[in-house]
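Undergrad: A structural model of the following input is requested.
(2 chains)
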Amino acid sequence: MPVNYLNENLEAGNLGYLFVVLSFGAAILGLIAYFLFMRKPQEKSWRNLGRYAFFVHGLSVIGIFCTLFYLIYNHQYQYHYVWEHSSRDLPVKYIISSFWAGQEGSFLLWTLWHFLLGSILIFTAKTWEGPVLFVICMAQVTLASMLLGIKEVHIFGALVHMPMNIGSNPFILLRQVFPDIPFFTGSNAANYMQKVLDGSLDGRGLNPLLQNYWMTIHPPVLFLGFASTIVPFAFAMGGLWQKRYGDWIKPALPWAIFGGMILGTGVLMGGAWAYEALSFGGFWAWDPVENASLVPWLVFIGGMHTMVIYRSRKTSLHIAYILIILTFLLILYSTFLTRSGILGDTSVHAFTDLGLSGQLLIFMGVFVLVSVWSLATNWKKFSVKQEEDDRLDSREFWMFIGALLLLLSAIHITAITSLPVFSAIFKWIDDLFNTKLLPINLKRPDDAIATYHLLQIPFAIVVSLLTGFGQFLKYRKTDMKIFWRKVIYSATAAAVFGTLMLLITKLNDPRYVILLYTSMFAICGNAEIIISFIRAHSSKSLGAPIAHVGFGFILLGALIANAKKETISLNTERFSIADKANSKEQMENKVLFKDFPVAMHDYMVTFKGDSQGGNNIFFKVNYKRIDSASKKVIEDFNLYPKVIYNKEKDAIEAPSPDTRHYWTRDIFTHITSASDKNMPAYQVKYDTAYTRQIKKGQTIILDSLSVTLDSVKSIKMDPYQIAVQLSIKVTDGFFTYYSHPVFAVTKDGSVDHLPSEIREMGVNFYFMKVPPQGSDELEIYIMKGKRPDPQFITLKAIIFPFINFLWMGALIMIIGFLLSIWRHIKQNIVSIKKS
Amino acid sequence: MKKTQIIGLVVIGLCIAILIIVLGQTPSNVPFRLAALHPDHSSQVAGVWVKERGIEYDPKKDPNYFAFYMKDDSGTVKKVIYRDEKPFDFERADRVVIKGKCEGDDFDATEMLMKCPSKYNGTRVEVKEKVKNI
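TA: Model (predicted):
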């Protein structure tokens, strides 16, 4: 019997879904209109229709956004997406994060960025509007369909009927997802909304790991980076379709630089997030999800450089096409990798599978076919007339080599990241043809990260060398005398600074030492160029060398922090069970009992206690550095690493580190286990009690403890009218603790005695009676028991030297990118005005 | 031959080299039985934790020793020793992937990956009855 559900507020969801369908339909209309406009560019009516359709599409996307936001903000848990990604206790600042915590929301974010970029292009792309917007509409159709949520496909009525997931509708109801649970079938089901409204049904909430400010800024930036790769791609397609094979480079170049900047920032922000808030123990873990955005960035940067070559020399057009097209295809591939669930056993933080792999594959296939077909059929038509081969002393030759190296580096990373894909393909073939392609492989490298470093460090060495001397070369040919003079200057500077860094950091792995010198050379070489530009009062091409300096610093920071990171929490005491442990990696955790200082590196480290805040338990860890000669404390600070509990507070979700930042290094501390203070072993069992009279300043002896009343003071404490607090010092000759019991009187005259326990000593104090008139003796009540086990934590502490070079380099690189974008836009405007 | 053609050939050669290197490392899970035959290689085993046999972890005594029993996909049970902290999500995992070597009767894991049916991806609808304060 169908239930008539009451008060479900279905209008909002229906409106939202209307927007979904509208955005999909309008994108298709835009696609068709722009297709016809491309065919007949003189017919402005097709273009206008395309524009209208595109704006209707964009407004619908904004409509979806607003509707979903309204639902999340108002805790409408009858909607599945709202229930799955938010909850009542979620602070408002994270409501926006719960938005893109799911696949649907992040697709939406991507769509929105495409729309914003597309709207800018409608007004600025001029003759390129047709093909560029056509490509963007193509992407919008794809992305909008990801929200359709169609479960079966009927073609010609019942003739063809197949189950297939097309998209996932964010406005689907909870009861449509779980139709059979008692909540929706039981006797009170019709009125289930009452339980949604009164708070009995709460959402599952945002994973506490994601409740972090990085989660609010990293996804929008990264998706803007993803979205911006489509612009050069669309221009390149336009170049092919309009047979203006090289013309697209100029208008697309600022976009390519913009995309390179934003995507790079997004990737680095991911690294910063991992470093600051997650417990990877570093800023880069070569996790497939990280690689999935690094790889397109590498190719994009290669493509951008080949575009620069074409702009100056009219060569390298083929490779520019390949790299720019490949960038966008790699973005689609990485979307497939992270969202199809194929990464399975290899990644800790891919999205969960929504059953959309088929759809993702089809879309990827369509874009691959269209772009490869367009490129292949035109390949011979734009053979650039190359009077002679590039000379070895020309800038374009080495830039070209650099771009190829970036491509190779990307291929290497992709190949490793795609191993699960290869496995899946092999398995599929094996199952189909009964072959044995999937090797049962035992020769796995012990250290997965070493597989990446094996080739990535050599790539980085060569790329940084090229970055260093590339701009000393001139296009076409170079006066080698001047070239070598410049190289010698900067190489000398690099040798001096490099050796200095080598002495400070004591690097010893030869690969890292070489990379240290080459990245220093990249910095010095480009610094020399910056200086010569400034001397010549020409600031217009400062962008590139500044970005290169930043890149050099990123390499430098990453390599030093990575090679010389030092775990200082080594468990050197060698406990009995660890007899077999013989490598450093096997004893990185150290036990800290509460209030017992432990020596680590230069520091005396003490676990001082824990406190609760929201879903977090913070552990106060005190670091003191004591000068060995004068015995004076020269440094004293606290870190608060935490563990995050789930919403129900019954299981630990994850630890989150805390880091002390210095100019030259970071001290990273994270909790690996902790005593549960609610366990009986850490509770005091009281067995005796005393009543004592005590005066201010008086000391009484209680077994082995000496108890002194330090002070008596009135405090303000709601809801009491009067509250008097004692400060009682308790010492056992080794440790000293304070207890602060309160005597309080409410407005209606009833008295409360608020105790204050010193768990470590097994005592609890009550302030029983205030002194009678004419006396200063007050009465305290003391409960005493066996001291409980000391609380403890185990932690890992790691020093990352010079990691600030990495973040500083990122900032410098962004500044360089901004200057270049500005320069190219200005040039384009000037050249348009001239013509 | 032109320089570009030479470069092209070198690039293609490097690509093939990379693919060969990488494909040689295709990870696949092996049962304990196979891992035991090759104690000198590192191998990857997937399976489930045998809950009934508990865990061995006393951070106060040794914070770098965590041991448990794991049943691999073909049903063999082995003691796994992981010389690091117990991962926070260990109890929640419905599947464990370990990398390491067989050492005598035990398996010495150097890496552990937990496959958790995340609460945030599950299918449980919880309705708590609100306690009415009167």
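Undergrad: Tell me which stretches of chain B form helices.
TA: Using DSSP state H, the helices assigned to chain B run over residues B:3-23, B:32-37.
Undergrad: Can you pull the domain assignment for chain A?
TA: When chain A is parsed into structural domains using automatic domain parsing, the resulting residue ranges are A:1-211, A:247-379+A:391-443, A:473-567+A:806-835, A:597-679, A:684-785.
Undergrad: possible to save these as CSV with mean neighbour count, distance to chain B and mean pLDDT?
TA: C-betas here are computed from N, CA, C, even on glycine. As requested, these are arranged in CSV below (neighbours: other C-beta atoms under 10 Å in any protein chain shown; distance: least, C-beta to the nearest C-beta, whole Å; pLDDT from 0 to 100):
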stretch, mean neighbour count, distance to chain B, mean pLDDT
domain A:1-211, 19, 5, 87
domain A:247-379+A:391-443, 20, 4, 86
domain A:473-567+A:806-835, 18, 11, 92
domain A:597-679, 17, 4, 87
domain A:684-785, 15, 16, 88
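Undergrad: Find the residue at the geometric middle of the chain.
TA: Going with chain A. A:G270 (2.7 Å; C-alpha atoms, centre = their mean).
Undergrad: wait, chain B
TA: Relative to the centre of chain B - C-alpha atoms, centre = their mean - the closest residue is B:V97, sitting 2.3 Å away.
Undergrad: Look up how far A:L209 lies from that one.
TA: Separation of B:V97 from A:L209 (C-beta to C-beta, to the nearest Å) stands at 20 Å.
Undergrad: Number of residues surrounding B:V50?
TA: B:V50 is flanked by 14 other residues according to other C-beta atoms under 10 Å in any protein chain shown.
Undergrad: What residue, apart from its backbone neighbours, is nearest it spatially?
TA: The spatially closest residue to B:V50, leaving aside those adjacent along the chain, is B:Y69, at 4.1 Å (C-beta to C-beta, 6 or more residues apart in numbering or on different chains).
Undergrad: Also A:T414?
TA: Residue nearest to A:T414 in three dimensions, not counting chain neighbours: A:V295, with 5.3 Å by C-beta to C-beta, 6+ apart.
Undergrad: worst average pLDDT in the helices of chain B?
TA: Here the lowest mean pLDDT among those goes to helix B:3-23, at a mean of 79.
Undergrad: Going by neighbour count, which residues in that one are buried?
TA: By neighbour count, with 16 or more other C-beta atoms under 10 Å in any protein chain shown as the criterion, the buried positions of helix B:3-23 are B:4, B:11, B:14, B:18, B:22.
Undergrad: tell me what it is packed against?
TA: Packed against helix B:3-23 by the contact rule (3 or more C-beta pairs under 8 Å, 6 or more residues apart in numbering or on different chains; DSSP states H and E) you find helix A:395-417, helix A:448-469.
Undergrad: and the first one with helix A:448-469, angle?
TA: Relative orientation of helix A:395-417 with respect to helix A:448-469: 170 degrees, computed using axes from the mean of the first three to the mean of the last three C-alpha atoms, to 10 degrees.
Undergrad: I'd guess A:A723 is in a helix, am I close?
TA: No. In this structure, A:A723 is strand, not part of a helix, as judged by DSSP: H, G, I helix; E, B strand; the rest coil.
Undergrad: mind checking which helix or strand of chain B has the lowest mean pLDDT?
TA: Each helix and strand of chain B was given a mean pLDDT (mean pLDDT, DSSP states H and E); the minimum falls on helix B:3-23 at a mean of 79.
Undergrad: ranges for the helices of the stretch 201-350 of chain A?
TA: Under the criterion DSSP state H, counting those that start in this stretch, the stretch 201-350 of chain A contains helices at A:213-228, A:230-241, A:249-277, A:288-313, A:317-339.
Undergrad: can you put the ones you listed in CSV and add distance to A:L360?
TA: Formatted as CSV, the entries for the helices of the stretch 201-350 of chain A read as follows, by distance: least, C-beta to C-beta, whole Å:
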stretch, distance to A:L360
helix A:213-228, 14
helix A:230-241, 16
helix A:249-277, 20
helix A:288-313, 13
helix A:317-339, 5
